[in-house]
Structures are given as structure tokens and as C-alpha cells.
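Q: Sequence first, then the predicted structure:
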Amino acid sequence: MTFRARLLACALLLPAAAPLAAQDEADLPEDEALAEEIIVTGRGLDPALSTGIYATTTLERETIIASPSGRIEDVLRNVAGFQQFRRSDSRSSNPSAQGVTLRALGGNATSRALVLLDGVPLADPFFGYIPLSAIAPETLGTIRVTRGGGSGPFGAGALAGTIDMESAEPGAGGPFLGSAAVNDRGETEASGVLTQRLGRGFATASGRWDRGQGFFTTPEDQRVPATARAAFESWNAALRAVAPLTDTVEVQARVAAFRDARTLRFEGADSTSDGEEASIRFVGRGAWQFDALAYVQARDFSNIVISSTRFTPTLDQRRTPSTGIGGKFELRPPLLEGHDIRIGADYRRADGELQEEALNAVSGAITERRRAGGATSNLGLFIEDDWQIGPLTINGGLRADRTSITDGFYRAVTANGAPVSSLVAPDRSDWAVNWRAGALFYATRRLDLRAAAYTGLRLPTLNELYRPFVVFPVVTEANAALENERLEGFEIGFDWQPVNAVVIAVTAFDNEVENAIANVTIGPNLRRRANLPAITARGIEASVAAKFGAVSLDAGLAWTDAEVRGEGTSADLDGNRPAQTPEFAATLTLGWEPAPGWRIAGTLRHVSAQFEDDRELDSLPPATTIDAFLAVPLDGKLSLVARAENLTDEEIVTRNQGGSIDLGVPRTFWLGLRYGF
């Protein structure tokens, strides 16, 4: 059976859930109708008691749908410690650079945080980036961000933490939610969410379409006739159904697709990313709670590189098809009173292949054909226990992972088929054991004290292992011998509620990533992916949430002292700050809701200076921006929405390679309508 056929078979599971909900709601006794509202939620199992032990931030729906840019990365920037590889958002960056991390544990474009949507990992199987434009904020109910290494049930990949997103429940809005907006550059966005009750279950169909001419990422004094705006066009669509199997078990099925096309810097420098996915999940909320999930993903990526001197194509990365399959089973047996035990296993396999042609910049003829790819897989077994002893909760978890890297190769031939270079990487596999432990003490009714220690694991991506790339004039080589990254860390903190309207959280942490994968300079305009001995990050994260009547305040800051430990062959990097890592970042949002349906908010953000490269030769200056959001009810569920990005038109430098600069979003005004929110 082909992959597309398997995907279609998974898709067929979605409508199959509907007959399970065939009994009409009106025919049910009143007490049973009330019970179904509790059982059929579309969510996973409730968060474990240990959630409060680790530094966790939860974003509720009212925050998620009130972003000035309307994009998920803007929502996540409200979380202390959240960081993208570059400062640009998903309209004006190369998709393969959309890595996300936490606690300044970056250094390259791969995600070091595990990003989940309804339990399904979202990272691209080949590159490891997150398809941010495929995540529609209006479909989400909550986002829970847990910082620090995730062993236990979170799975490999949660090196810096976990970003767990859950779809909105059917009661989050009316049966139809819709919005449309246009900005001062003539760019448009439109979205819709339709929810239909199916007896005791429900189905949700959603879609979103964004397009625009974009802005000039190139500074005016560096533009040439071939300079292009960062044009973009993206769409995503999803269908999700939830139905009860019994009074305590529900099935959740989802199919989704997306496509994203962008132009960056020069005419013809076009990239596309697209994907399809399907998942099915069974959630049991009886005495023996369980969560069983299976999913399949198909992704592809293409990119054309334009010469910055002749402004003609030099590389056609025409296809990078990849596949991700996986699943998870978690059981919570009621074995001991006062204990919340979780036992389970998860599995993920990723395979893909790069297909690209190097082109003569003058004639456009193919000079070299390149193929590269392989497969990685991870099987994890975990057990974790939360033990509650009066005001004290103790957590302990152990996880064993069987990781493997197989079928790796790189092959380059001339246009006539003559060999240029080739590599067949040996297969390898290993077992790794990780753990985490912590305690939460309810010191008073308003003060919680917590402490935790943990380890974590991340496999190198196929992109890091086998795909070289060029961001002119810098060439970055792949490295098929890369080893797994491993994190060790600990943290202490407190959550304090001095009065009912104010919650303050502070965490001090010390994390270290051994064998950290970074793009290391090995010669003039030449880098190579390599395992550094370690990247260390020590710092403080703090947040304040307050609500006094109609006025609210949300603030977060992260101060991080991060440095490379580069003894041996990388000694010249020893003590340097990792690339693309700011020392300080802060955000402050003030909101006012003078009447039902009204929302007025302003957000101040600051990010300190950071270095573009590992040798600290090129820097990105600090940036301070102000954004705004306004929602005004017009008639019933219809509202007028006005948004503003970068009100002061701050120059946001997102790339600086030897003085060649890219810029982030300039001042932008949006005006639109939305219904049902």
C-alpha cells in the first residue's frame, strides 16, 4: 500500500466516527444529556498533578485569538523563554528556518522543543521545523508550555520543553466562527470554523487563507532591480470528529492539509512547503484511564536559490518528500491510593529524501544532481508517578529510548551521470535512559514552592545529517556522524498569589545540552554541522498575570546567560554565546474590556542584541516593538477588529551576514470583521 493510500485509509476513519453518535440528543434523558457534555470534550486526559512541579505557562483562548498579527508564533512570544531561530515570522522567513525552542537552547534552525497538536508531534520529519502557518489560532482552546527537559510521557524531542496545543471544545464559540481582514499593504486573511453536533459527538471543519505582496525584507540602501517583496500565500484546512464509544471512552479523528508559498529577497527565490496528515485517538476516562494515538504525516518542501551577484537561479531544491508515522499509548492504572501512575510507550519514524539540482548561473543548465536522505526512529518506554502526601506532591519518571539512524546516503553526479561525490552512512542504534524528578509544596494557601531536575534527548534530523545548504556566501555542510543531543538540568521556583487578582511565577534554572548540534565555522564562508561539547544556559524566567475588574496585565521576562563550552577542536568558540540567542527578552500586555465583546490591548516587547553566527562576528541589534488589538461589537456576534503590528516602525534586523541584512515586519495596520468569537 502506498503512503497516499495509507493516508486516505486514515481519512476514512473520520466519517466512520459519526455513526457512533447517531442517537439524537433530543431522545436522551436530561441527566444523560448533561453527562455527555462532560464526557465528549475532544481533549486528551487531564494534566497530571506533576504539571505544577515544572515551569508551566497556560495560554487560554481569549489570549490566543487576540494576537495583533493573527499568527501562532506571535501568541507564543507571550511566553517567557520562547524563541524562534530567527526574529522573522512565518510570512517572511524560509520555512526550513522555523525552529522553535525554549530557554535560549538554540543555535541552529531545528526545534529543540516538542510541539504537539492534540497529542500529535508537528515537527517536519526531514527538517525538524514547525509549520507555523498551518496552525490556525482560532481553532485552539488552550496552549500549555512546559519548560525544561521532558522525559516521561512527553517523548524524545522535548529537549528544551513541550508546547502542547489542544483544539477548542465545541462550546468555545458558536456553530460558526468566521473572520476576514485586510491590511494597509492590501494583504488579506480569511478563516472559518464550522462546528456541528452529531448526536452525542461533534465534528469541526476549519480553513484559513492568507496572501499578500509582503514587505521588503532588504534595507532600501541594499536593494537592486531584482529585489523582491516577501510575498506569501498559504492555506490550511482540517476536519475533526469526536464521538463517544462508551460512557467513558471517546474517539477523536482528524485529517488536515496545508500549503505555504513564499518569495524571499530576490525575484524567483520561491519556496513551498505542504503537507497532509491524519490521526486517530482513543481517550478513556474511566477508573483505568488511557490515551491511545496513531498518526501519519506526508510533507514536502521546495526552494530555489538565487545568486546575489547575477540574480539568476543557482540551485533548484525541487522536492524534499518526507513521511512521519507514529503513535503513543499511555495507561493510568489506579493501583495505589494517593498515586497518579502513568505507564506507556511511544514511537516515531521519519524518513525523507532531498532531490535538488545545481544550476549554472549564466546558462541555467544543470551542473550537478544531488540526492540525500535516510530514516530515523525512536521507541520510548516510560513510567511516571505523582505521589501526593498532604501538601506535598512528589514526581518521579523514568524513560528508556531505543533510537536508530538508518539508510543514510548522499550522492552527487554531473548532468551526464558521472559521480562527483557519494556517502553511504552506516546504520546505527542505541539505548538511552532519561529521568525526571521534582516536588511541589503548598507552603500556604497562596504560595507554592517547587524544585525539579531532569534529562532529555533529541535525535539529529535528516536535514542535519545529510543536507548541505547555502545562504550566500556561506556554505554549511552536513555531518552524517552527528550524535544525539542530551540535556541535563535543574530548576527551582515559586508561584505566589499575593491577592486573588494577581499571580506571580518565578523560576531559576540551570540547563546544559551535551553534544549540542550547531553550525560551526571551519573556514572562510564555510560552516559544518557539528556536536559541540555543550551549550549551557542559566537564567531566570518570571511572569505576572493580574486582573482588576475590566483591566488585565500579563507580563513575562527571560534573562539567560548562555554560552558554548567548546573545548578541543572547537576551542575557539569556548565561552561564546550561541548564535541567534538573546540574553534578555520581555513582553508586557495591558488589556481593557469595558463591556462584553470589547477588547482593547497593547503589547510592548523587547529582545536584546544577539549574534548571527557562532564566532560573534555579526550581530543583530536589540529591538523594541509595540503592537495593538481592538475588538468592538457591532451587532450580535459580529465585531469590528483593528490590529497594529510594530506601531513605532522599529527596524527589526532578522539576519546580518557580513553586512547583508534582512528586516522583520514594518508598521502594519489591519482592519477586519469577525463573527461568533
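A: That came in fine, so what should we check first?
Q: who touches the nearest residue to Arg528 once chain neighbours are set aside in this structure?
A: Distances taken as Cβ to Cβ, 6 or more residues apart in numbering place Glu477 nearest to Arg528, at 4.3 Å, with adjacent residues excluded. C-betas here are computed from N, CA, C, even on glycine. With contact taken as Cβ atoms under 8 Å, 6 or more residues apart in numbering, Glu477 is in contact with 468, 526-529.
Q: out of the residues you listed, which are buried?
A: 468, 527-529 (16 or more other Cβ atoms under 10 Å).
Q: Grab the nearest non-local neighbour of Asn576.
A: With Cβ to Cβ, 6+ apart, the residue lying closest to Asn576 is Val564, at 4.9 Å.
Q: Assess the claim that Thr603 and Arg643 are in contact.
A: No. In this structure, Thr603 is not within contact of Arg643 by Cβ atoms under 8 Å, at 10.7 Å.
Q: list the residues that contact both of those two?
A: 68, 627-629.
Q: now that we have those residues, which one has the most neighbours?
A: Pro68 (25 neighbours; other Cβ atoms under 10 Å).
Q: What separation do you get for it and Thr41?
A: 30 Å (Cβ to Cβ, to the nearest Å).
Q: picking that back up, Throw the buried ones among the contacts of Glu477 into CSV and include pLDDT, distance to Ile72 and secondary structure, thanks.
A: Shown next, in CSV, are those (pLDDT from 0 to 100; distance: Cβ to Cβ, whole Å; DSSP: H, G, I helix; E, B strand; the rest coil):
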residue, pLDDT, distance to Ile72, secondary structure
Pro468, 86, 30, coil
Arg527, 85, 30, strand
Arg528, 89, 32, strand
Arg529, 90, 28, strand
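Q: Quick check: the two most widely separated of those?
A: Taking Cβ to Cβ as the measure, these span a maximum distance of 9.8 Å, between Pro468 and Arg527.
Q: Please enumerate the shared neighbours of those two.
A: Common neighbours of Pro468 and Arg527, using Cβ under 8 Å, 6+ apart, are 475-477.
Q: Just give the number of residues close to the residue nearest to Ile626 when sequence neighbours are not counted.
A: Nearest non-adjacent residue to Ile626, counting by Cβ to Cβ, 6+ apart: Leu647, 4.4 Å away. Neighbourhood size, Leu647 [other Cβ under 10 Å]: 17.
Q: from memory Leu647 sits against Phe629, does it?
A: No. Leu647 lies out of contact with Phe629 (Cβ under 8 Å); the separation is 11.3 Å.
Q: Please look at Val120 and Tyr295 and confirm they touch.
A: Yes. In this structure, Val120 is within contact of Tyr295 by Cβ under 8 Å, at 4.8 Å.
Q: residues shared between the contacts of those two?
A: With Cβ under 8 Å, 6+ apart as the test, Val120 and Tyr295 both reach 277, 279.
Q: Give the full set of residues in contact with Asp260.
A: 90, 95, 131, 133-134, 232-234, 272-274.
Q: What residue, apart from its backbone neighbours, is nearest it spatially?
A: Leaving out its chain neighbours, the residue that sits closest to Asp260 by Cβ to Cβ, 6+ apart is Ser234, at 4.0 Å.
Q: Point out the other helices and strands that the helix or strand harbouring the one you found packs with.
A: Counting by DSSP states H and E, the element that carries Ser234 is strand 232-244. Contacts defined by 3 or more Cβ pairs under 8 Å, 6 or more residues apart in numbering; DSSP states H and E place strand 232-244 against helix 3-16, strand 201-212, strand 249-263.
Q: at 6 Å what do you get?
A: strand 201-212, strand 249-263 (3 or more Cβ pairs under 6 Å, 6 or more residues apart in numbering; DSSP states H and E).
Q: How far off centre is it?
A: Relative to its parent chain, strand 232-244 has a centroid offset of 17 Å by Cα atoms, centre = their mean, to the nearest Å.
Q: Go ahead and name everything in contact with that strand.
A: Strand 232-244 has contacts (Cβ atoms under 6 Å, 6 or more residues apart in numbering) with 14, 17, 20-21, 39-40, 42, 91, 133-134, 200-211, 214, 250-262.
Q: Then stretch 505-525?
A: Counting by Cβ under 6 Å, 6+ apart, 55, 103, 105, 107-108, 460, 464, 473-474, 476, 482-483, 485-495, 527-532, 534-538, 540-543, 614-615 sit against stretch 505-525.
Q: ditto for stretch 437-448
A: Taking Cβ under 6 Å, 6+ apart as the rule, stretch 437-448 contacts 52-53, 391-396, 449-453, 495-497.
Q: CA atoms only for it, dumped as CSV, please.
A: The C-alpha trace of stretch 437-448 is given here as CSV (Å, rounded to 0.1, in the frame of the first residue of the first chain):
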residue,chain,number,x,y,z
ALA,A,437,12.1,14.2,39.4
GLY,A,438,10.6,17.0,41.3
ALA,A,439,8.5,18.2,44.2
LEU,A,440,5.7,20.8,44.8
PHE,A,441,5.0,22.0,48.3
TYR,A,442,1.9,24.0,49.1
ALA,A,443,3.5,26.2,51.7
THR,A,444,0.5,28.4,52.2
ARG,A,445,-2.9,28.9,50.6
ARG,A,446,-1.2,31.5,48.3
LEU,A,447,2.4,30.2,47.9
ASP,A,448,3.6,27.1,46.1
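Q: So what's the model's average confidence on that stretch?
A: Averaging pLDDT along stretch 437-448 yields 96.
Q: And it, how far out from the chain middle?
A: For stretch 437-448, the distance to the chain centre is 30 Å (Cα atoms, centre = their mean).
Q: Ok, stretch 385-405 next?
A: Mean-position distance between stretch 385-405 and its chain equals 24 Å (Cα atoms, centre = their mean).
Q: nearest residue to Pro175 other than its sequence neighbours?
A: Thr195 (5.3 Å).
Q: Then that neighbour would be within a helix, right?
A: No. Counting by DSSP: H, G, I helix; E, B strand; the rest coil, Thr195 is located in no helix; its state is strand.
Q: which residues sit in contact with it?
A: So Thr195 contacts 170, 175, 204 (Cβ under 6 Å, 6+ apart).
Q: any idea how far Gly268 is from Phe311?
A: Applying Cβ to Cβ to Gly268 and Phe311 gives a distance of 8 Å.
Q: who's more crowded, these two?
A: Counted by other Cβ under 10 Å, Gly268 and Phe311 do not tie: Phe311 has more neighbours, with 16 against 13.
Q: quick one: the more buried one from Ala269, how far?
A: 9 Å.
Q: Any idea what Gly672 is bridged to?
A: Using DSSP bridges, the beta-bridge partners of Gly672 come out as Ala181, Val641.
Q: Please give me every residue in contact with it.
A: With Cβ under 6 Å, 6+ apart, Gly672 has these contacts: 180-181, 641.
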